[in-house]
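>>> Structure here, sequence nowhere to be found:
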Ligand SMILES: [Zn+2]
């Protein structure tokens, strides 16, 4: 079996669930190993790069220096990568179309002014499209772009998309807030920002980047209900078989943007995951378990490797099913398990990797969120 119907497709059309079940059943019947193998070969996915500041003087963890950013663009140009406009790429993936190998999208979160001042001229020089995720309450404030700058960028390949109104941690409740109140507030954060983007910039893509890359299962359901596509900050390429409420991106801030790792990241392919239930990232477990089930008959299953806070994860394998646990107690805050598996390539070709990452969110021992 392989993932025919994504979570978001299934969840957004509940009235047709019986029809989809029939389709799903038929697809399972024809999902021979040959077809699965073909899928492995053709699911190149879409690598989405995620930047914040392009600046030498802003906080290192969320910044890529102009020199490194210039190297990234040069590497893409020198190695025949195609940089695609993100809204166009998502429309294609959602309709089940594959993208060409070596297709990349460039995104920036928060609409900091260094994107206009520093990144934009380099992108124009290379004639590359890009997308900026905007928290609309911050437009025109000091250190953020102005509406006029955004309009100028639109005329040269930029698109603008949703990063909520006020850049909140979506999964957190306010003091004393009930679930229904929280949900109303979350919907307003998303829909309110989209209205500003429509009104100020005539942009209406229903694409949302989660602030801090944080979400919970209920947030994913709200994204489905509202008909959006959403992006996290867990690494890996996006797949047309993936969860459109939780597409991955490769963070490029600080050490994650190193030019040494860049070729491996931009050439990576989606992990061939059998669709399973969505996983809640919030955990109170010391060493939470990640289960992965892979499909395909030419996989280097014995070479799957996962890293977690503290080092290599413990992996037990049963056929193409894996149980993965980090080596030590997860710290409070955000952390991830990152898994890679070498792609079987023809001799002489550069090695590429299937890539998947899982976010975990953990509270402090006193029950408060970290960082506060
Ligand atoms: Zn942000």
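The structure has been received and is ready for your questions. Only a predicted model underlies this, so the values are computations on that prediction, with no experimental measurement involved.

>>> okay, now residue 286: neighbour count?
Using other CB atoms under 10 Å, residue 286 has 11 other residues around it. Every C-beta, even on glycine, is put in place using the N, C-alpha and C of the backbone.

>>> Over to residue 243?
Residue 243: 24 neighbours (other CB under 10 Å).

>>> cool, residue 175 as well?
By other CB under 10 Å, the residues close to residue 175 number 4.

>>> do residue 246 as well
By the measure other CB under 10 Å, the count of residues near residue 246 is 24.

>>> Contact partners for it?
By CB atoms under 8 Å, 6 or more residues apart in numbering, the residues touching residue 246 are 215, 220, 230-232, 234, 278.

>>> and stretch 212-232, how far apart are its ends?
Terminal residues of stretch 212-232 lie 8 Å apart, using CA to CA, to the nearest Å.

>>> Show me what counts as buried in that stretch.
By 16 or more other CB atoms under 10 Å, the buried positions in stretch 212-232 come out as 212-216, 219-224, 226, 228-232.

>>> From those residues, which land in strands?
Taking DSSP state E, the ones among these that sit in strands are 229-231.

>>> Any chance of JSON lines for the contacts of residue 246, columns distance to the ion and pLDDT?
JSON lines is the format used below for the contacts of residue 246 (distance: CB to the ion, whole Å; pLDDT from 0 to 100):
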{"residue": "215", "distance to the ion": "13", "pLDDT": "98"}
{"residue": "220", "distance to the ion": "18", "pLDDT": "98"}
{"residue": "230", "distance to the ion": "13", "pLDDT": "98"}
{"residue": "231", "distance to the ion": "11", "pLDDT": "98"}
{"residue": "232", "distance to the ion": "12", "pLDDT": "98"}
{"residue": "234", "distance to the ion": "15", "pLDDT": "98"}
{"residue": "278", "distance to the ion": "23", "pLDDT": "96"}
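
>>> before we move on, which element is the closest residue to residue 339 other than its chain neighbours in?
Excluding the flanking residues, the one nearest residue 339 by CB to CB, 6 or more residues apart in numbering is residue 306, at 4.1 Å. Secondary structure from DSSP states H and E places residue 306 in strand 305-308.

>>> Pairing partners for the helix or strand following that strand, with directions?
Downstream of strand 305-308, the first helix or strand assigned by DSSP H and E is strand 311-312. Sheet pairing for strand 311-312, assigned by DSSP bridges, gives strand 305-308 (antiparallel).

>>> taking the mean pLDDT, what do you get for the partner strand?
For strand 305-308, mean pLDDT rounds to 98.

>>> where does the stretch 251-372 of the chain come near the ion, residue by residue?
For the stretch 251-372 of the chain, no residue is in contact with the ion (CB under 5 Å from the ion).

>>> residue boundaries of the helices in the stretch 251-372 of the chain?
With DSSP state H, counting those that start in this stretch, the ranges of helices along the stretch 251-372 of the chain come out as 262-266.

>>> Contact partners for whichever residue of the stretch 1-150 of the chain sits closest to the ion?
Using CB to the ion, the closest approach of the stretch 1-150 of the chain to the ion is made by residue 109 at 4.0 Å. Shown in contact with residue 109 (CB under 8 Å, 6+ apart): 50-52, 132-133, 163, 209, 211.
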